[in-house]
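> Return atomic coordinates for the entry below.
(2 chains)
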Amino acid sequence: MQESSDSDARSGSFMPDPENSTEREIMEGVRCAELIQRALLPSGQLLKKLLGEYFILFVPKQVVSGDFYWITQKNRKTYIVVADCTGHGIPGALMSILGISFLNEIVKTGSSDMAGHILNRLREKVMKALHQTGEFNESKDGMDLSLCIINHDMTNLQFAGANNPVYIVRDKALLEIKADKMPVGINALREEPFSSRDIEISKNDVIYMFTDGFPDQFGGPAGKKFKYRPFKKLLIDIHQKDMKEQHNILRETFINWLGKHEQVDDVLLMGFKIT
Amino acid sequence: MRLLEFRIKNFRSIVDSGWNTLSSDNITALIGQNESGKTSVLEGLYSFWEGTISEDVLRSDMTFPEVSCLYRPGSDESFDFIDNGRLPAGMLPVMQKEKNLVLTREWLPDMSSRITLSGDEISVIFDEIEKKELGMTQTVMTAIYKALEESGETRQDVIRLEESTAELAGELEKITRRQAELKKLSTRSSDPAKQEVLKQDTGSVEKQIECITGKLQKESALLAELRKNLNDRAIFREHGNICLTSVKDLENTKPELDKAYTELMEVQANMAFLRGEKETRAGELKLFEAKENYIRVRRNMESLKEKAGISTRLVKKLLEGKTLNEAEKEAVDEFNARNKLYTREEAGEAFFKCIPPHEFFQDFSSLLPNRIDLEDIFQNNNKVEGYKAVKNFLIIAGLDPQFFRQTNNRILKQKIENLNNDVTVDFQEYWRQNIGKTNKIRIHFELEHYDTSNPEKKGKPYLEFWIKDEHERLYPKQRSRGVRWFLSFYLELKAFARQNENAERVFLIDEPGLSLHARAQEDVLKVFEDIKGKIQIIYTTHSPHLIDNDKLYRLLAVQRGTENHEQSETIIYDASHLHAATSDTLSPLSSLLGAGFNRQQLALQSGNVIVEDISSFYYLSSLYKMMNPGENIHFLPANGPAGVTTLVNLMIGWGFDFSVLLFDNQDSREVISELQLNLKGFDPAEPGSRLILAKNIAAPEDLFSTLDFKKYIIKKRMGIPDSNSGFMSENDIPRHLLASDFARSVASEGLSPDAFDQETRHNLRNIFIPARFRISDENC
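Numbers count the residues shown, from 1 in each chain, chains lettered A, B, ... in the order given. Modelled structure (predicted):
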């Protein structure tokens, strides 16, 4: 319904000098990367087809983003991912490209349709790609994400999360489905399997999937984090409005909260209504 | 056409062998003690082909033998000699669907036999035809009885009407006379009062005349109608009566046939008690007469069947409203059409023509002579000693006897020398024994002419045979009995196979190579292997050297139902059920595979599970114990997928019950195909299957979730995006070391299923379903 990559909301921390040819070349490269990243993100048409009423508030900190969203359908089930890769800008974007291609491979060719199994498999791929073995000085990159699998008649939602929860708002009540406290990537101690949770959903439920960019944004009069409690309250307040309006409110709220502060991280929030 | 299965009933010690499957690779061995019934099986199969039996094979309860063989036609086989028009409707599709052909030969009291096309679905079709025929006969008979009854009633009505009309006619005549009298009186009388009375009387008489005439007319019409009716039905009644008589005659013959059968049986049974030549002669005469009588009654019955068949159809046609001429023609046509259809026997006879002939080799007594006159060969003098062996020799050499008419001595000598080499090379292929270390025997023949020392035959040609080695040149008769037997066996079978190249045969061979050294007995097997292409070989043996320990699926174990009881019935076990046979029956296998091994702790009587390699053994044995503590399962590792069949053979040979657990990969699929080809009970979808297939799990390492695999097996943290087994082979990690480490840690750390995650537990639960393992109480 509504997708936004609000460039005007960006803090503009990466503003190259157009007169400097090296920087111009870098900028061109980054624009190219943005195009590639955008091409990998699902089209509005696909989102509309699979989700019906939805909005996406997507505010990258820089031209390219470490946050991404992904959606597909297989065996009459819809798979939705909202993810936040380590870092932002170019490193984050590269990670997101890796994430998208792994998800495509796992869901399209894998045998299991359990959300937890998909994250297990994704973690293995990330660990292998980044040569992570738990050694002290190696890369700890990875991604936090939430994965929802919705069955065909939209009565059941299966969730698996790596640090990122999902909110289901129903009649002004918010149900938080907590995520496993581990990333998709090497974990400090040892790996545990991701868990899958099944939740019954019903018509008019609004599902919110998001990264931590919005609630962790510093701003407001005291320059503090927006935090999760106001974030949840905001979603409860607006969940019955139509998707476009919700998107506008959230966008306005974020811009107002940001004020003159620097955007800390990419912001990604997806909302969709069970119809 | 291949013989796939056989079933023998009431043949010597065999009451009912049940269906027994022959080896798919054309060599089947029957093992068992003396008097177990092995030779009876061969004899039964030979009698099936020959059609004759001696009274010796009959059981004491005088039940008659029955042998059924199930054949599978080859894909290129055409049954041109079968007249499809004669096959009952629906039979061809059934045969095409079943792709099998069951022929049954059953013997009758006169020791004649009939061969029938049988099989469950085929029998249903024949039963239906017979039922239909019976139904038609019953309908016709009912109609005839009804018609006869009705005719009887009509005839009564006619009689009654005839009497009634006669009476009415008499009455009419009387009244007509009275009318005339009244008329006369009226004319004569002038008295008006009298006239008036006479007038009234005349009116009354006229009325009576009118009434009687009307009644008479009505009854006459009815009578005419009934007479016509009776006349019309006369033909039906006539033919109905003929039909009743012929059906009754046929019925009456049945007890006559039963009587003849019983008499024949009694005479046959009494034959065993006859003493002395005189009694025996009298008995034989009585038996001959009883047989003749039985045959006569049977023939008579066949003729009555035809008569009844036609007359029944004729009546049926009359009932349908056909004229006599039409009915006669159509009845004959219909009967002929019905009669044209194959009966069970005719179909059996027709299909019998396309089955491979069964040849019974009881001995190989025609030994190669020292010499034979060419004249005897030219004149086919089969009485002369060694004639058959020499003919076999020439067939193997590919030599037409006419070749010896060649007058050019140089050509003759050269050809003979070449042939000597060829035959020797071929023979040495099979006979591997040496005299000494390297000295191999050679077969040699020469064309010679009698000299003056034999004046009667002077100048006449003869063939001389030698069996040579490096040191000496001996006539065949100077060689050992074993060499001579093997040579005879070699000549007989090779010649037969050569002469009937591309022709299918079933060779029944009783105890080949009894007098041979172990090595030579193995050579007998080599000959079998060589000729088995289109020839199916079924042989009996006591020798472990005539059993290929890699191909125990070829075995059928024959034993008496009650051990040590020679009068009990014969039971046959196929390779999958050898564990049920007694140790005496399996003694050749014990010799072959190690006697008494089954009493060792290597395996159990049941609950043995063959796995493909040592890694699978470590993983599965430790995990099974963890999942099902208290159950004693013996996992037996093969040395790779190819070794699984060898272990299966050993299990069969040792008479152990077992299952095979395989993972889902290409190698295993090949093993499964091989097992399914040769043995029953390896379809994983069937209940009680011996095969446990870990579906979608390519190797034991894949039983673990990736996390558990990293945690308990490789004990490293790294990304493994593909299968665990793929990771192992990609990184060249020695599987068995990790597997044995794992097994040790399961034992030492006392791991429980809870230590593993849900995915691993799910996989283990799916594969370790106790009901799928062949466990008995001794395993618990």
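> Now do the host helix or strand of B:L216: which elements does it pack against?
Secondary structure assignment for B:L216, by DSSP states H and E: helix B:192-271. Packing partners of helix B:192-271 (3 or more C-beta pairs under 8 Å, 6 or more residues apart in numbering or on different chains; DSSP states H and E): helix B:120-188, helix B:276-319, helix B:324-340. All C-beta atoms are positioned from the backbone trio N, CA, C, and that covers glycine.
> make it 7 Å
helix B:120-188, helix B:276-319 (3 or more C-beta pairs under 7 Å, 6 or more residues apart in numbering or on different chains; DSSP states H and E).
> pLDDT (mean, whole number) over it?
Helix B:192-271 carries an average pLDDT of 89.
> And for stretch A:75-92?
pLDDT averaged over stretch A:75-92 gives 86.
> the helices in the stretch 451-600 of chain B, which residues?
B:481-499, B:518-531, B:587-593 (DSSP state H, counting those that start in this stretch).
> List of residues touching the helix or strand that the last one is followed by?
On the C-terminal side of helix B:587-593, the nearest following helix or strand under DSSP H and E is strand B:608-611. Outside of strand B:608-611, the residues that reach it under the criterion C-beta atoms under 7 Å, 6 or more residues apart in numbering or on different chains are B:617, B:620, B:633-638, B:644, B:647-648, B:651, B:656-661, B:773.
> so can I have TSV of the helices and strands packed on helix B:192-271 showing distance to A:Y69?
Below are the helices and strands packed on helix B:192-271 laid out as TSV (distance: least, C-beta to C-beta, whole Å):
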stretch	distance to A:Y69
helix B:120-188	62
helix B:276-319	84
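> closest to B:L556 out of those helices?
helix B:120-188 (23.4 Å; C-beta to C-beta).
> That closest one packs against which elements?
By 3+ C-beta pairs under 7 Å, 6+ apart, helix B:120-188 packs against helix B:91-98, helix B:192-271, helix B:276-319.
> do you know how far B:Q521 is from chain A?
Per C-beta to the nearest C-beta, to the nearest Å, B:Q521 is found 53 Å from chain A.
> on that earlier part again, now the helices and strands packed on helix B:192-271 as a markdown table including mean pLDDT and mean neighbour count?
What follows is the helices and strands packed on helix B:192-271, written out as a markdown table (pLDDT from 0 to 100; neighbours: other C-beta atoms under 10 Å in any protein chain shown):
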| stretch | mean pLDDT | mean neighbour count |
| --- | --- | --- |
| helix B:120-188 | 90 | 14 |
| helix B:276-319 | 90 | 17 |
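> need the helices of the stretch 451-600 of chain B in CSV with mean pLDDT and mean neighbour count, can you?
Below are these laid out as CSV (pLDDT from 0 to 100; neighbours: other C-beta under 10 Å):
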stretch, mean pLDDT, mean neighbour count
helix B:481-499, 79, 20
helix B:518-531, 81, 19
helix B:587-593, 67, 20
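> Could you save those as CSV and add columns showing distance to B:P753?
Shown next, in CSV, are the helices of the stretch 451-600 of chain B (distance: least, C-beta to C-beta, whole Å):
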stretch, distance to B:P753
helix B:481-499, 60
helix B:518-531, 50
helix B:587-593, 38
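> between these, which one is nearest to A:M209?
Per C-beta to C-beta, nearest to A:M209 of the helices of the stretch 451-600 of chain B: helix B:587-593, 65.8 Å.
> could you list every residue that touches the residue in the stretch 451-600 of chain B that chain A sits nearest to?
Nearest to chain A, among the residues of the stretch 451-600 of chain B, is B:S576, at 33.8 Å (C-beta to the nearest C-beta). Listed by C-beta under 7 Å, 6+ apart, the contact set of B:S576 reads B:L679, B:K680, B:G681.
> Point out the ones among the contacts of strand B:608-611 that are inside strands.
B:H634, B:F635, B:L636, B:P637, B:F658, B:S659, B:V660, B:L661 (DSSP state E).
> can you pick the most crowded of these?
Of all the ones in strands among the contacts of strand B:608-611, the highest neighbour tally under other C-beta atoms under 10 Å in any protein chain shown goes to B:V660, namely 27 neighbours.
> That residue: what's its closest spatial neighbour, skipping adjacent residues?
B:I610 (4.6 Å; C-beta to C-beta, 6 or more residues apart in numbering or on different chains).
> burial count for the one you found?
Around B:I610 there are 28 residues (other C-beta under 10 Å).
> per-residue pLDDT, it?
B:I610 is given a pLDDT of 91.
> Give me the distance between it and B:G90.
Using C-beta to C-beta, to the nearest Å, B:I610 is found at 45 Å from B:G90.
> Could you do B:S616 as well?
From B:S616 to B:G90 the distance is 50 Å (C-beta to C-beta).
> between those two, which one's more packed in?
B:S616 (26 against 13).
> residues contacting the closest residue to that one other than its chain neighbours?
Of all residues not flanking B:S616 in the chain, B:P700 sits nearest, at 4.8 Å (C-beta to C-beta, 6+ apart). B:P700 makes contact with B:S615, B:S616, B:Y619, B:L620, B:F663, according to C-beta under 7 Å, 6+ apart.
> Swap in 10 Å and give it another go.
Shown in contact with B:P700 (C-beta atoms under 10 Å, 6 or more residues apart in numbering or on different chains): B:611-613, B:615-620, B:623, B:661, B:663, B:694, B:713, B:724-725, B:735, B:739, B:742, B:767.
> What are the neighbouring residues in contact with whatever residue of the stretch 201-350 of chain B ends up closest to chain A?
Going by C-beta to the nearest C-beta, chain A is nearest to B:A347 of the stretch 201-350 of chain B, at 52.5 Å. By C-beta under 10 Å, 6+ apart, the contact set of B:A347 is B:82, B:86-88, B:91, B:95, B:101, B:103, B:115-118, B:122, B:125-126, B:341.
> which of these are buried?
Buried members of the contacts of B:A347, scored by 16 or more other C-beta atoms under 10 Å in any protein chain shown, are B:82, B:87-88, B:91, B:95, B:101, B:103, B:115-118, B:122, B:125-126, B:341.
> I'd like to know which of these is nearest to chain A.
B:M95 (43.1 Å).
> At the geometric centre of chain A, which residue do we find?
In chain A, the residue lying closest to the centroid (C-alpha atoms, centre = their mean) is A:V82, at 2.9 Å.
> contacts for stretch A:91-100?
A:30, A:33-34, A:36-37, A:40-42, A:60-70, A:81, A:83-88, A:122, A:125-126, A:129-130, A:141-143, A:145, A:184-185, A:265-266.
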